[in-house]
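**Q** Could you look at this predicted model? Sequence included:
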Amino acid sequence: MQLTRRATLATLAALPFAARAQEHKPIRLLVGFPAGGGTDAIARVLAEALQASLGSAVIVDNRPGAGGQLAAQALKAAPPDGTTFFVSHDHTISILPLVLKHPGFEPAKDFVPVAGFATFANAFALSGGTPATSLADYLAWVKKQGGQANVGVPAPASVPEFLVKLLGEKNGLALQSVPYRGSAPMVADMLGQQISAGVGSVPDLITQHQQKKLRIVAVMGQQRQAVLPDVPTFAELGIAGFEDLPYYGVFAPAGTAPAVIERYANALAGVIAQPGVKARLTEMGLSVGLMTSAQLAAREKAYAAAWARIIKAGGFQPQ
C-alpha cells in the first residue's frame, strides 16, 4: 500500500516537470487538409503565435486526404508527450465516425480535447463564370440547363455534401456533389470554372469572395456572418436544419498528461486573446472564442448527436 502511494505521489510530482520538459521541443500541429486551404491558414496563424508564446518551434504538418482521416490516424499513433496536436474542425472529429464504418480512430477513446477556439459557418458559393447572383437565381439557372449541375465539396460524406443533396431534393434538381481532397483544389476548380458552385467554410472562401472571383450567396447559422453582412442565412431562404455552427478545436493523443493539456490550453487561450491574432482569425470568417477541454468535448458530443439524426433521416449508409 505504501509503495502504491509513493508511486502515485511520484507520478503527480512529475507532471509539472513533464509539462516543463516540452518547453523547447518542436511541436507539430497536424492539419488534415492541403496547404493553401482555410484550415491550413488558420493553423499557421496559431503556430506563429504559439511559437512566440511557448518558446518552442511550432510546425504545421499537413496530412491531406480522406477528409482529415489520415491526420486523425497520425494523431492516434503519435506519442502522448505533448509534441503532437491536431487542429481540426467538426468534419473529421464529429462527422467521419458517423459516415465511415472503419475510420481508424474513436475520438472519445483516442483523443483528448485541449481547447476549442472558434466557430464558423459553411457557405454556398458560385463560380465566377456562373451568371446567377443569388442562390435562388442559381437554382433557376440549373433548371434551365436541364436540371443538372456539379457542386464541389471539400470532402465526401461531409456536411457540405449533405447540404447539396438536400438542396437538390428540395428543388427537384440533380445536383451532383463532387468531393475534393480539401478546399484548396475545390476553389481552384471553381476559379477555373470547372464546376459551377461549391460549398465550403467561410474561411475557405472569404478571400476569393472579397476579390470578387467567387460569390458567396448563403451561409449556415442562426444569424448572418459579421464578415458577410449582406449574405443571407439558409434559414432566411427557407432551408432549415443548418443553424448549428461547426467548431474548430485542438486535440492531443489519448494518454497525454493533464498538466501538459492544461499548459497548451492556457497557451491557446492566451494567443487567441491577442488583438492581432483575433483580428486575423476574424478576418478569415471565424467567430473566435475559447472553449475549455470539457466544453469542447461536450460540444463535439452534441454536434455529433445532432448530425447522427440528420444523416439517419437522409438514409445515408456508412461506407
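**A** Arrived safely, thanks for sending.
**Q** Settle this for me: Ser134 is touching Val217, isn't it.
**A** Yes - the pair Ser134 and Val217 qualifies as a contact (CB atoms under 8 Å) at a distance of 5.3 Å. (Glycine included, C-beta is placed from N, CA and C.)
**Q** the more surrounded of these two?
**A** For Ser134 versus Val217, the count of surrounding residues by other CB atoms under 10 Å is larger for Val217: 23 against 15.
**Q** chain center to the helix or strand that contains that one, what's the gap?
**A** Secondary structure from DSSP states H and E places Val217 in strand 214-219. Strand 214-219 has its average C-alpha position 19 Å from the chain's average C-alpha position, going by CA atoms, centre = their mean, to the nearest Å.
**Q** by contact count, what packs against it?
**A** Contact here means 3 or more CB pairs under 8 Å, 6 or more residues apart in numbering; DSSP states H and E; on that basis strand 214-219 packs against strand 122-127, helix 135-144, helix 183-191, helix 202-210.
**Q** how about the helices in the stretch 151-300 of the chain?
**A** Listed in chain order, the helices of the stretch 151-300 of the chain (DSSP state H, counting those that start in this stretch) span 159-171, 183-191, 202-210, 258-272, 275-283, 293-313.
**Q** can you list the ones you listed in JSON lines and add mean neighbour count and distance to Glu48?
**A** Shown next, in JSON lines, are the helices of the stretch 151-300 of the chain (neighbours: other CB atoms under 10 Å; distance: least, CB to CB, whole Å):
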{"stretch": "helix 159-171", "mean neighbour count": "20", "distance to Glu48": "28"}
{"stretch": "helix 183-191", "mean neighbour count": "21", "distance to Glu48": "20"}
{"stretch": "helix 202-210", "mean neighbour count": "22", "distance to Glu48": "16"}
{"stretch": "helix 258-272", "mean neighbour count": "19", "distance to Glu48": "9"}
{"stretch": "helix 275-283", "mean neighbour count": "15", "distance to Glu48": "8"}
{"stretch": "helix 293-313", "mean neighbour count": "16", "distance to Glu48": "22"}
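**Q** re earlier: tell me the angle the strand holding Val217 makes with helix 202-210.
**A** 130 degrees (axes from the mean of the first three to the mean of the last three CA atoms, to 10 degrees).
**Q** quick one on the thing from earlier: do you know which of the helices of the stretch 151-300 of the chain lies nearest Phe117?
**A** Taking CB to CB as the measure, the helices of the stretch 151-300 of the chain were each checked against Phe117, and helix 258-272 came out nearest at 5.0 Å.
**Q** now could you export just the CA positions of that closest one as PDB?
**A** The C-alpha coordinates for helix 258-272 follow below in PDB (Å, rounded to 0.1, in the frame of the first residue of the first chain):
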ATOM      1  CA  PRO A 258      -3.300  16.600 -17.700                       C
ATOM      2  CA  ALA A 259      -0.600  19.100 -16.800                       C
ATOM      3  CA  VAL A 260       0.500  19.100 -20.500                       C
ATOM      4  CA  ILE A 261      -3.100  19.600 -21.700                       C
ATOM      5  CA  GLU A 262      -3.500  22.500 -19.300                       C
ATOM      6  CA  ARG A 263      -0.300  24.100 -20.400                       C
ATOM      7  CA  TYR A 264      -1.200  24.100 -24.000                       C
ATOM      8  CA  ALA A 265      -4.800  25.100 -23.300                       C
ATOM      9  CA  ASN A 266      -3.600  28.100 -21.400                       C
ATOM     10  CA  ALA A 267      -1.200  29.000 -24.200                       C
ATOM     11  CA  LEU A 268      -4.000  28.700 -26.800                       C
ATOM     12  CA  ALA A 269      -6.300  30.900 -24.700                       C
ATOM     13  CA  GLY A 270      -3.600  33.500 -24.400                       C
ATOM     14  CA  VAL A 271      -2.800  33.700 -28.200                       C
ATOM     15  CA  ILE A 272      -6.500  33.900 -29.300                       C
END
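**Q** For it, name the packing helices and strands.
**A** In this structure, helix 258-272 makes packing contacts with helix 2-21, helix 38-54, strand 111-119, strand 247-253, helix 275-283, strand 287-291, judged by 3+ CB pairs under 8 Å, 6+ apart.
**Q** what's the closest of the ones you listed to Gln145?
**A** Go through these one by one with CB to CB and the one that ends up closest to Gln145 is helix 38-54, at 29.2 Å.
**Q** what's the closest one packed up against?
**A** Checking 3+ CB pairs under 8 Å, 6+ apart, helix 38-54 ends up next to strand 27-31, strand 58-62, strand 84-89, helix 183-191, helix 202-210, strand 247-253, helix 258-272, helix 275-283.
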